[in-house]
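>>> My questions are about this predicted structure, shown below with the sequence.
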Amino acid sequence: MAEKNIKIIVEYKGTAFAGWQIQDGQKTIQGEITEAIFKVTGRKVSLIGAGRTDAGVHALGQVANFRIDHKLEPERFRDALNFYLDDDIRVKESSEINIDFHARFDARSRRYRYLISAEKSALYRDLRWEHGRALDLDKMQKAAKMILGEHDFTPFCVVSSRKEDNTCQIEHSRWRRIGPLWIYEISGNRFLHSMVRSLVGAMVNLADRTPDNNLLNLTLDNFNDIINSQTDKRIAFTAPAHGLYLMAVGY
């Protein structure tokens, strides 16, 4: 039987998981899906994800692929896997893709969303950052525009995960306000470890209008200098993981 390359699009609530990537003794998205594939097919596969989301981060459009020699029709993997998966993970689509497709290395863009709420909720507290402080949307919007284009985002990457080249090309970066929510959208060719959360943390800090703000006390000028300078000084304040969503991956 010829080996097939199966592509899946996955949605998950990351609250109860230690992130995407398999870790010994931890419950992860990759681990749960790999185990479901084994239960359906009896095959152990290598599941490749487009983005290694951190613990607590959610996804609406994570893309993954795995190679397998099995008689099950590609489109039927969706329902078969969902039968065994935790309720916080759903395979939205499954299809056959060309044998050389690699969900991570073939990705050309990724789009993320971050949600901040001005109010607390019993239902949605695991799905957004309940900041509850006055924020200056105009300042956040100005900072978001500074991110556009190609920059070295070393200051916004976890030190242990930095690469030789930490340059990213950002195509879209914008805040908007809908009711009690501040919504940040960003897309680019690549993202570093904790980069979006670090950017959000910095922008919230410079836009925090509360008198007792005792964080980094950034200004727009400071932020612009960090974005455009060659510095490896780490931005210390990172927004909570549960407000971040991987929305889509482009190929």
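Received, thanks. Every value quoted in this text rests on a predicted model; they were computed, and no experiment measured them.

>>> residue contacts, residue 2?
When contacts are counted by CB atoms under 8 Å, 6 or more residues apart in numbering, residue 2 touches residue 69. Quick note: C-beta positions are derived from backbone N, CA and C, even for glycine.

>>> now the helices: where do they sit in the stretch 51-200 of the chain?
All helices of the stretch 51-200 of the chain, identified by DSSP state H, counting those that start in this stretch, fall at 77-84, 137-147, 195-207.

>>> could those helices go into TSV alongside mean neighbour count?
Shown next, in TSV, are these (neighbours: other CB atoms under 10 Å):
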stretch	mean neighbour count
helix 77-84	17
helix 137-147	18
helix 195-207	25
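
>>> Could you find the closest non-adjacent residue to residue 78?
Excluding the flanking residues, the one nearest residue 78 by CB to CB, 6 or more residues apart in numbering is residue 94, at 4.1 Å.

>>> coming back round to it: nearest to residue 57 among the helices of the stretch 51-200 of the chain would be which one?
Smallest distance to residue 57 across the helices of the stretch 51-200 of the chain (CB to CB): 8.4 Å, for helix 195-207.

>>> what angle separates that closest one from helix 137-147?
Interaxial angle of helix 195-207 relative to helix 137-147 (axes from the mean of the first three to the mean of the last three CA atoms, to 10 degrees): 140 degrees.

>>> For whichever helix or strand comes after helix 195-207, buried residues please.
Downstream of helix 195-207, the first helix or strand assigned by DSSP states H and E is helix 220-228. Buried residues in helix 220-228, counted by 16 or more other CB atoms under 10 Å: 223, 226-227.

>>> Quick check: which helices or strands does the helix or strand following helix 220-228 pack against?
Of the helices and strands lying after helix 220-228 in sequence (DSSP H and E), the nearest is strand 244-250. Here strand 244-250 touches strand 58-68, strand 109-117, helix 195-207, going by 3 or more CB pairs under 8 Å, 6 or more residues apart in numbering; DSSP states H and E.

>>> among these, which is nearest residue 179?
Closest approach to residue 179 among these (CB to CB): strand 109-117, 9.3 Å.

>>> what about the closest one, distance to the chain center?
Distance of strand 109-117 from the chain centroid (CA atoms, centre = their mean, to the nearest Å) equals 7 Å.

>>> Kindly report the same for stretch 137-156.
17 Å.

>>> what's the weakest-modelled helix or strand in the protein?
In the chain, the helix or strand scored least confidently by mean pLDDT, DSSP states H and E is helix 220-228, which has a mean of 89.

>>> got the angle between that one and helix 195-207?
Per the same axes, to 10 degrees, the angle that helix 220-228 makes with helix 195-207 is 160 degrees.

>>> Following the record's annotation, map out the domains of the protein.
4-97, 109-250 (automatic domain parsing).

>>> Ranked by average pLDDT, which of the ones you listed falls at the bottom?
Mean pLDDT values for the domains of the chain show the minimum at domain 109-250, a mean of 89.
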